[in-house]
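Asks: What follows is a predicted structure for the sequence shown.
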Amino acid sequence: MNNSAIKGKLWNPGAYQVKGTLSIANTQPESIQGVIGEDSKNLEGKLVEDGEMGRSVSYKKEFEIN
């Protein structure tokens with residue numbers, strides 16, 4: 001079997017998906033809330049989503065290892 005190494009760990013060939021999220025501000029520690037602002041008002045950009053519960057950030061990347 002042909003494997004690829006990412007950060008020293010072997011991954012089998014195939015399709016993979018990586019997801020990252022930043023939940024709404026009131027679920028974050030105070031240190032994070034201080035950076036992102038009250039109700040996440042300091043967040044901007046194409047990854048910022050306005051939802052019923054507040055602003056959040058979400059990113060998804062699909063990739064394949066041959």
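Replies: Looks like it arrived, so ask away.
Asks: Next, the buried residues of stretch 14-24.
Replies: Under the neighbour-count criterion of 16 or more other CB atoms under 10 Å, stretch 14-24 has 22, 24 buried. For glycine as for every other residue, the C-beta is placed from the backbone atoms N, C-alpha and C.
Asks: How far off centre is that stretch?
Replies: From the chain centre to the centre of stretch 14-24 is a distance of 5 Å (CA atoms, centre = their mean, to the nearest Å).
Asks: pLDDT on the longest strand seen in the chain, on average?
Replies: Scanning the chain for the strand with the most residues, using DSSP state E, yields strand 54-65. Averaged across strand 54-65, pLDDT comes to 93.
Asks: Mind listing residues that contact it?
Replies: Contact with strand 54-65 is made by 4, 11-26, 39-41, 43, 47-49, as judged by CB atoms under 8 Å, 6 or more residues apart in numbering.
Asks: make it 6 Å
Replies: The contact list for strand 54-65 (CB atoms under 6 Å, 6 or more residues apart in numbering) reads 4, 11, 13, 15-24, 39-40, 43, 47-49.
Asks: Output the below-cut-off pLDDT ranges for this structure.
Replies: 1-6 (pLDDT under 70).
Asks: ranges for the helices of it?
Replies: Taking DSSP state H as the criterion, the chain carries its helices at 30-36.
Asks: Tell me which residue lies nearest the centroid of it.
Replies: What sits nearest the mean C-alpha location of the chain, by CA atoms, centre = their mean, is residue 20, with 1.6 Å.
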